[in-house]
Every structure is written in structure tokens, then in C-alpha cells.
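Colleague: With the sequence up front, the predicted model follows.
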Amino acid sequence: MLRSFFISLSTNKVFRAFSEKSSMGRRVSRRFVAGMSVEEAIAVAQKLNAEGIEATLDSLGESVMQVSQAEESAAVYHRLLDAIAEKKLRANVSVKLTQVGMDIGGHGAGPELAERIVGEMVEHAAAVESFVRIDMEGSDYTEATIAMTERLHARWPGRVGTVLQAYLFRTADDAERLLGQGIRIRLCKGAYKEPATIAFPDKADVDANYVKLMRRLTTSGVFCGMATHDEAIIDATRRFVDEVGLDKRAFEFQMLYGIRRDLQRKLVADGFGVRVYVPFGTEWYPYFMRRLAERPANVLFLAKNFFKS
């Protein structure tokens, strides 16, 4: 019930407008959002690198409906790629297609606009030896996201990848499709509300599918990311690595900023690669609500720590 409640809130425009403008809302979001500016995000990435952790920078935003907004989002990413190169950060970037105009109607807009903008980002990433992750959104965008990733990978091999969600029935086939082309995958459970006709409704089934996919991805020869904070799945991954004698650096664990920092450090100390997604920006509300939906225990954590420095 809590998961459905927070997912519903993530699309509530009135509450979003209030939260993003209020000082209290911004204060609460700081646990999971690394600040409002590019400079704050870069500073967090530098700190993570100093702790032996890689970073992925994610300028928050989605569902833009004007070309000017899509171009503004792109400009932020080009600033990030320049800063990554200038400061020699062990970092890359992640972008949502709806953030760069995927949903805009009209001639020359929509998917064509999004592909042009992301293509320019991938070209920039290739020039500075970085990488762009095209993030995954709801199931309405799954095929378009995968297909665009394939086209851009063909032009700039190794400089673009995407995300697959373990709760979708189609993901095993999608994984084989992408791995066959050498495309890097970030595997997560999934944070959108999907019908039982296309997604596993029960957590146990999602977890089982995740472990099955983990075994395939980690041994594929393609460098993939296991994005989870679930200790049972992390333990299953570690056991599998030991059982098959897999190099601990053949893949990486990926986690979100502000969540299980103790576990991040422990994995690094044990020799695993760890990458933290660093979201930032003023449009933090939908992302924040989906984090609460994924793990309602985060609500209690925020309540207990709200008045602490």
C-alpha cells in the first residue's frame, strides 16, 4: 500500500509544485539528492572518487514538453561531461529520454529530437572518453529506449548503454539482445507501477528473476552494473562470484546516493567495484517519491533524522 501511495504521489503535480518550492521539501530531499547545481554534484563525485567509488551524475528532470526545455537539459549534461574531463573524475552521466523531448509532439520533435540530443551527448562522451547511460522509464518507453541505445552504440561503440528492469517479463530477452551487441546494461528491479500482464507483481518473483539475470550478466563478458541495495541479492551475487571464480571487477555494484553508504564502503573494502548514482537539480520530486516507494523504511529514516544536522 505504501509503495502504491508514493508512486501515485510521484505524479501529483500540485504536491510536486509545493514540495519543490518549499524549504522543508528541499531539506528533506537532501538525503537522496546531492544538491541543486552542477558544482554541488561535481563536489560529491570528487568525494566519492576519493573513497574509491565511481560516480554517475544524473541531472534530474523528466516529461519536458518544450524544445527549449529539452535543449536546456542537454546543456547541463554537456557541462557535466566537460567537468568530468577537466577534473579527471571517474564518472559518467545518466539521462532520461523524456527529459530531452521524447514526449514532445510536432514535426522534428519527440523521438527525433531526443535521439539528436542524446546522440550529441554520446559523441561528446566519446571525445572525452566518458559514457552515457540512457535511463529506463515506464514500460511505454522500453522498446524505444533499447532501440535508440542500439543505434547510438553502432555509431559510438562502448560509449552508451541502458537500463533493464527485472520486474518486466521481457527483460531476459532484452538482456540477450543487448549483450549480443556488447552493450552495457544496468540491472535494477524497477520503480514504476506496471500491470501484472507485463510485470511480476510479487517481490519474490522479481527477486528471483533479478538473481537469474545477475548470473547471466556478470558472466557475459560485457561490463554490467548490478543496481541494488537488497542485501539478500548482494549476498547471492557474492556467493555466485565465489562459486564460479569470477573476477570481482568483471562487473560493478551500483547504488543510489544517500542509501546504504555503509554497504558501499564495505563492498569497496572487499575488492568490488562500486558506482553511486548522484542525482541533483531542482526537479527532484518524482525521483524522491520513487525512492520512498522502493523502500518505505526510508520514510522512517527521514522522520528520525529530520532534525539532526
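Modeller: Looks like it arrived, so ask away.

Colleague: any chance you could map the strands in the stretch 1-150 of the chain?
Modeller: Applying DSSP state E, counting those that start in this stretch to the stretch 1-150 of the chain gives strands spanning 54-59, 91-95, 132-134.

Colleague: any chance of those in CSV, plus distance to residue 174 and mean neighbour count?
Modeller: Backbone N, C-alpha and C define where each C-beta goes, glycine included. Below are the strands of the stretch 1-150 of the chain laid out as CSV (distance: least, CB to CB, whole Å; neighbours: other CB atoms under 10 Å):
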stretch, distance to residue 174, mean neighbour count
strand 54-59, 21, 24
strand 91-95, 18, 24
strand 132-134, 13, 25
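
Colleague: Could you dump these into TSV with distance to residue 85 added?
Modeller: Shown next, in TSV, are the strands of the stretch 1-150 of the chain (distance: least, CB to CB, whole Å):
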stretch	distance to residue 85
strand 54-59	13
strand 91-95	10
strand 132-134	14
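
Colleague: Can you say which of these is nearest to residue 277?
Modeller: With CB to CB as the criterion, residue 277 lies closest to strand 54-59 of these, at 4.9 Å.

Colleague: what pairs with that closest one, and is each one parallel or antiparallel?
Modeller: strand 91-95 (parallel), strand 273-280 (parallel) (DSSP bridges).

Colleague: How far does the longest one sit from its chain's centre?
Modeller: What it means is strand 273-280. In terms of CA atoms, centre = their mean, to the nearest Å, the centre of strand 273-280 is set 8 Å apart from its chain centre.

Colleague: quick one: contacts of that strand?
Modeller: 32-38, 40-41, 44-45, 48, 52-60, 94, 225, 227, 248-249, 251-257, 264, 267-268, 287 (CB atoms under 8 Å, 6 or more residues apart in numbering).

Colleague: would you turn the strands of the stretch 1-150 of the chain into a markdown table with mean pLDDT and distance to residue 178?
Modeller: A markdown table is the format used below for the strands of the stretch 1-150 of the chain (pLDDT from 0 to 100; distance: least, CB to CB, whole Å):
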| stretch | mean pLDDT | distance to residue 178 |
| --- | --- | --- |
| strand 54-59 | 97 | 18 |
| strand 91-95 | 98 | 16 |
| strand 132-134 | 98 | 11 |
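
Colleague: hang on, the earlier thing: wait, which of the strands paired with strand 54-59 is closest to residue 103?
Modeller: Per CB to CB, nearest to residue 103 of the strands paired with strand 54-59: strand 91-95, 14.3 Å.

Colleague: for stretch 160-176, how far is the first residue from the last?
Modeller: End-to-end span of stretch 160-176 (CA to CA, to the nearest Å): 17 Å.

Colleague: Just the buried positions in it, please.
Modeller: By neighbour count on 16 or more other CB atoms under 10 Å, the buried set for stretch 160-176 is 160-168, 170-171, 174-175.

Colleague: Which of those fall within helices?
Modeller: Filtering the buried residues of stretch 160-176 for membership in helices, criterion DSSP state H, returns 171, 174, 175.

Colleague: Now do the contacts for the closest residue to the second one other than its chain neighbours.
Modeller: Sequence neighbours aside, residue 164 is the residue nearest to residue 174 in space, at 5.5 Å (criterion: CB to CB, 6 or more residues apart in numbering). Going by CB under 8 Å, 6+ apart, residue 164 touches 136, 171, 174, 175, 178, 185, 186, 187, 188, 213.

Colleague: change it to 6 Å
Modeller: Taking CB atoms under 6 Å, 6 or more residues apart in numbering, we find residue 164 in contact with 171, 174, 175, 185, 187.

Colleague: all helices for the stretch 101-250 of the chain, in order.
Modeller: 111-127, 142-155, 171-179, 203-218, 231-244 (DSSP state H, counting those that start in this stretch).

Colleague: which of those helices sits most buried?
Modeller: Compared across the helices of the stretch 101-250 of the chain, helix 111-127 shows the largest average neighbour count, a mean of 19 (mean count of other CB atoms under 10 Å).
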